[in-house]
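Visitor: here is my input; please provide its structure:
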Amino acid sequence: MINAQDERLNELRSQFQHAKRLDLDKYIRKEIISEVVNEIFVKTKEMKRSKKKRDAYELIIANALCSKGMLSLSTGDKFYQKLPNRYNPRSINGISLRGAISKLQEYQYVDFFRGFSYAHNSCISKLKIEKKFSKMFDKFDLSEKYVEIHPDSEIIFLKDSSKKLIDYDDEDGVVRNARDFLANYNNFLESAKLSLKTNNQDFFRERVQLKRIFNSASFDLGGRFYSDFQNLKKDQRKYLRINDEPCVEMDYSGIHINMLYIEETGDVYKDGDVYRIKGFVRKRKLMKVLLQIALNAKTRGKGEAAFRFHLMEKGIKLDYKRALDLFDKKHLAISNHFYTGAGLRLQNLDSIIAEDVMRKCFERNIIGLPVHDSFIVQEKHRDFLEKAMIDSSREILGKELGVD
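Guide: You can find the predicted model right below:
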């Protein structure tokens, strides 16, 4: 039989898996959050009410409101010392963050689980938001809808090959162009209010902001646009409204695989559904996952391991080696790109197309929200978006990509 302690551990493991990473850019305006932080100072009997401590509390609250009760975070001094200043708008440090967490834990507003690292095992620290803390938010009518992006936040991010944020030269031509466009587009998005309401999901944003993330220490790799509305699942996004008007989302069909076919053959794939694999016809979604793995893995062995892990995680029994072999065989014309890490290069190309689609929307004063290889606009602009997406693909790739 499972005792109460085991049940508690199982519950925590599940929460750990879904913990959201502490986002240093999350922010709530002072006029909204000041009263809550003052309440914390009073309840925790804090005598030294420094700006650093106030900033730490504000950061924790903003992230707590956007989490499902669990955050993952770094609290060590080295992490914040090594982090380039551009990615830390409040200049948060380990000392102030640990001090705030310690006080909140002492008064049972949170529970803290210290991370560890030894040999080949590691686990980042976790912060559990207790009901007592949530009740305080309710008392002040504080909710996720008040969470914004810090006004001093960076919008162009660069990661190294180990996915750590690194600094870069602001005078780089690619950086200047990317920043100028995105700053202007974000200003344009100030007029966009997003809302969504279903039986199990409430989402509201007064202010939509995008950032762009490049990878592997190169502005030729990655570069996709990101915002928190993208965290909504596709079947939830269909309920999104922009300024209270219904929306439509349109996707490019098999964007990366067709990019490769254009490169290798001069045209898109013409023989039906790119993901329809003989013997796995009913596993189309899995074949899409398989393609992403094949494009992002740097060796066949790593691709096999990643696909096998995905199947185990989902509890799916499948002959993964046969699936990989058949996929390679179906797409023999482009199979030389599989297991070479080509995914980031293709992401860079699709981000260039995305920027062009957004530029077309901007010129027509139409709010267009990117979700990597798809876009969301108000329903009344459906025809415009379809044409814009087709035109952008032709102008950049030399061939038209399908849109649905």
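Visitor: average pLDDT across the longest strand along the chain?
Guide: Using DSSP state E, we find that the single longest strand of the chain is strand 218-226. The average pLDDT within strand 218-226 is 98.
Visitor: offset the numbering so it begins at 209, please.
Guide: OK, 209 is where the count begins now, so the last one is strand 426-434.
Visitor: and it, what does it pack onto?
Guide: Packing partners of strand 426-434 (3 or more C-beta pairs under 8 Å, 6 or more residues apart in numbering; DSSP states H and E): helix 381-396, strand 419-423, helix 551-571. Every C-beta, even on glycine, is put in place using the N, C-alpha and C of the backbone.
Visitor: so which of those gets nearest residue 499?
Guide: Closest to residue 499 of the helices and strands packed on strand 426-434, according to C-beta to C-beta: helix 551-571, at 9.5 Å.
Visitor: just the buried residues of stretch 359-373, please?
Guide: 361-367, 373 (16 or more other C-beta atoms under 10 Å).
Visitor: now do the same end-to-end measure for it.
Guide: Using C-alpha to C-alpha, to the nearest Å, one end of stretch 359-373 lies 19 Å from the other.
Visitor: can you list the residues that contact it?
Guide: Identification of contacts with stretch 359-373 by C-beta atoms under 8 Å, 6 or more residues apart in numbering yields 233, 235, 291-292, 294-295, 297, 374-376, 383, 386-387, 390-391, 394, 417-425, 427, 430.
Visitor: show me what contacts residue 406?
Guide: 444, 447.
Visitor: tell me the pLDDT of it.
Guide: On pLDDT, residue 406 comes in at 72.
Visitor: still on that earlier bit, any chance you could list what contacts the longest strand of the chain?
Guide: With contacts defined as C-beta under 8 Å, 6+ apart, strand 426-434 is touched by 366-367, 376, 380, 382-383, 386, 390, 418-424, 552-553, 555-556, 558-560, 562-563, 566, 578, 580.
Visitor: next secondary structure after it?
Guide: Using DSSP states H and E, the helix or strand that directly follows strand 426-434 along the chain is helix 442-445.
Visitor: buried set for that following helix?
Guide: Buried, per 16+ other C-beta under 10 Å, within helix 442-445: residue 445.
Visitor: then stretch 271-285?
Guide: 271-273, 275, 277-283.
Visitor: which stretches in the stretch 409-558 of the chain count as strands?
Guide: For the stretch 409-558 of the chain, the strands defined by DSSP state E, counting those that start in this stretch occupy 410-413, 419-423, 426-434, 449-450, 453-459.
Visitor: adding mean neighbour count and distance to residue 610, write the ones you listed out as TSV.
Guide: Listed next are the strands of the stretch 409-558 of the chain as TSV, based on neighbours: other C-beta atoms under 10 Å; distance: least, C-beta to C-beta, whole Å:
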stretch	mean neighbour count	distance to residue 610
strand 410-413	17	30
strand 419-423	21	26
strand 426-434	19	20
strand 449-450	20	25
strand 453-459	16	9
